[in-house]
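# Sequence and computational prediction follow.
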Amino acid sequence: MMAPLTQGCGAVFMMHHVRPARTGDFQPNAHLEITPEFLRLAVERIRANGYEIISLDEAVDLLKSGYGHHRYAVLTFDDGYRDNLEVAYPILKELQAPFTVFVTTGLVERTTELWWLALERIIAENEEVVFTQAGEQNGISCSTTAEKNTCFERIVDYLTLEVGELDQRKIVRALSEKYGVDLAALADTQMMNWDEVRELASDPLVTIGAHTHSHYALARLDSSSARADVTKGMKLLENELGRRQKHFAYPYGKSHAVSLRDADILRDIGFSSSVTTLPGVLQSVNARDPMMLPRVSLNGRFQDPAIVDQYLTGAPFALYRAARWAASGFGVRSGFSRFFPSTR
Ligand SMILES: [Zn+2]
């Protein structure tokens, strides 16, 4: 009913892992993974709704030109997980669907911390996690799934909202050492190496985009550190792949992690677009600032093809924005936030 008002000219879909569903009750990062079956269904639903799946390059050109093209969709994957090559790529190749992978170079080099997965593992494997918060040692009980979920949320809130990005990594390194999680080995099992990134990049169906070197929330860094981390990632990709990447994705990408200052930095460096995780479809208004494009997250907790149809109407995002606006006036958390959780 709302579609005529809220539907845009296109949509950029955001995904992370594509792999078979895991068993186990404690899966705090489940929103970041979809199954290969759902990926296939989602592509079919997008096409059945009359959207053509095109490359990010073409989409940015169409958005800027405002040309009256039929509706289009772009598929994107953040971080550079190995399952993008091993699981998603064969499916998208078969379906001839172009896609973009935003690569965090520090993860390819095994020097950047996959802190959200390290934290999941630490909490999964322990009955209690001793954690120093604001100089005070706290033992957090993690013996049941409910306790593990609460513990995960509490530590993530602390790491992403209360301490700076550099302290966040120090804390994660200390916790990983204490609980025997090898961060480099974890990245080795989860992330592509350079040969694998090159293999993907060699297919014209695939666009590689930049996603910083260290996966910091840029808005939480000072201006020169933000620029340095973006530049380092961009240069490494250029050296390893032999060409400069034109598109960028903000790590985390929600309002606390993205700022107009960073959009200026990216424009100045020479990127032609950057995508956020702010939920929404592409509308003509986005042409004014291709450095702040919204995306539609395919949330692993709601893997229902019907939801793809709903997302494409744009209505859930208009409702989300309205609910956020209303909730902010009453100081309450909007019920919609569970559909649009923080991503990585
Ligand atoms: Zn990311």
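Looks like it arrived, so ask away.

# how many neighbours does residue 57 have?
Other residues near residue 57 come to 16 when the count uses other Cβ atoms under 10 Å. Heads up, the C-betas are built off the backbone N, CA and C, glycines and all.

# which residues touch the helix or strand encompassing it?
Secondary-structure element containing residue 57, defined by DSSP states H and E: helix 56-65. Identification of contacts with helix 56-65 by Cβ atoms under 8 Å, 6 or more residues apart in numbering yields 9-10, 12, 54, 69, 72, 74, 76, 100, 207, 209, 246-247, 272-273, 282, 284, 286-287, 290.

# Name the next helix or strand downstream of that helix, please.
The element immediately downstream of helix 56-65 (helix or strand, assigned by DSSP H and E) is strand 72-79.

# what lines up beside that next one in the sheet?
Partners of strand 72-79 in the sheet, by DSSP bridges, are strand 10-15 (parallel), strand 52-53 (parallel), strand 99-103 (parallel).

# Let me have those strands in a markdown table, extended by mean pLDDT.
Formatted as a markdown table, the entries for those read as follows, by pLDDT from 0 to 100:
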| stretch | mean pLDDT |
| --- | --- |
| strand 10-15 | 96 |
| strand 52-53 | 97 |
| strand 99-103 | 98 |
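
# in the stretch 51-200 of the chain, what spans have low per-residue confidence?
Within the stretch 51-200 of the chain, the ranges that satisfy pLDDT under 70 run 67-69.

# which parts of it sit against the ion?
Proximity of the stretch 51-200 of the chain to the ion, by Cβ under 5 Å from the ion, involves residues 78, 79.

# now the helices for the stretch 51-200 of the chain?
56-65, 82-83, 89-94, 105-108, 115-125, 145-157, 165-178, 183-190, 194-201 (DSSP state H, counting those that start in this stretch).

# what's the closest of those helices to residue 323?
Distances from residue 323 to each of the helices of the stretch 51-200 of the chain were compared using Cβ to Cβ; the minimum, 20.9 Å, belongs to helix 145-157.

# packing partners for that closest one?
For helix 145-157, the helices and strands in contact under the criterion 3 or more Cβ pairs under 8 Å, 6 or more residues apart in numbering; DSSP states H and E are helix 115-125, strand 128-133, strand 136-141.

# just the ones you listed: most buried one?
helix 115-125 (a mean of 20; mean count of other Cβ atoms under 10 Å).

# Check the secondary structure at the closest residue to residue 34 other than its chain neighbours for me.
With Cβ to Cβ, 6 or more residues apart in numbering as the criterion, residue 34 has its nearest non-adjacent residue at 5.1 Å, and that residue is residue 300. At residue 300, secondary structure determined by DSSP: H, G, I helix; E, B strand; the rest coil is coil.

# Dump stretch 96-105 to CSV, restricted to CA.
The C-alpha coordinates for stretch 96-105 follow below in CSV (Å, rounded to 0.1, in the frame of the first residue of the first chain):
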residue,chain,number,x,y,z
GLN,A,96,24.9,-14.5,-13.5
ALA,A,97,24.4,-12.0,-10.7
PRO,A,98,27.1,-9.4,-10.3
PHE,A,99,28.2,-8.6,-6.8
THR,A,100,30.7,-6.6,-4.7
VAL,A,101,32.9,-7.7,-1.8
PHE,A,102,34.2,-5.0,0.5
VAL,A,103,37.6,-6.2,1.8
THR,A,104,39.2,-5.3,5.1
THR,A,105,42.9,-5.6,4.3
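
# quick one: contacts of that stretch?
Defining contact as Cβ under 8 Å, 6+ apart, one finds that stretch 96-105 is touched by 43, 53-56, 74-80, 84, 88, 92, 112, 192, 197, 200, 205-215, 232-233, 236-237, 247-249, 251, 275.

# same check, this time on stretch 34-42
With Cβ under 8 Å, 6+ apart as the contact definition, stretch 34-42 has outside contacts at 13, 15, 17-21, 87-88, 91-92, 95, 298, 300, 303, 305, 308.

# residue contacts, the nearest residue to residue 164 once chain neighbours are set aside?
Taking Cβ to Cβ, 6+ apart, and ignoring the residues beside it in sequence, residue 164 has residue 220 as its nearest neighbour in space, at 6.5 Å. Each residue near residue 220 by Cβ under 8 Å, 6+ apart is listed here: 164, 165, 256, 257.

# swap in residue 176?
With contacts defined as Cβ under 8 Å, 6+ apart, the neighbours of residue 176 are 113, 118, 122, 182, 183.

# okay, the angle between the helix holding residue 57 and strand 72-79?
130 degrees (axes from the mean of the first three to the mean of the last three Cα atoms, to 10 degrees).

# Of all the strands paired with strand 72-79, which one comes closest to residue 315?
Comparing those against residue 315 with Cβ to Cβ, the closest turns out to be strand 10-15 (12.6 Å).

# The closest one: which residues count as buried?
The neighbour-count criterion (16 or more other Cβ atoms under 10 Å) identifies 10, 11, 12, 13, 14, 15 as the buried residues of strand 10-15.

# just the CA coordinates of that strand, formatted as CSV?
This file holds the C-alpha atoms of strand 10-15, laid out as CSV (Å, rounded to 0.1, in the frame of the first residue of the first chain):
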residue,chain,number,x,y,z
GLY,A,10,16.9,0.6,-6.6
ALA,A,11,18.4,-1.2,-3.5
VAL,A,12,21.8,-2.1,-2.4
PHE,A,13,21.6,-5.4,-0.4
MET,A,14,24.2,-6.1,2.4
MET,A,15,25.3,-9.5,3.4
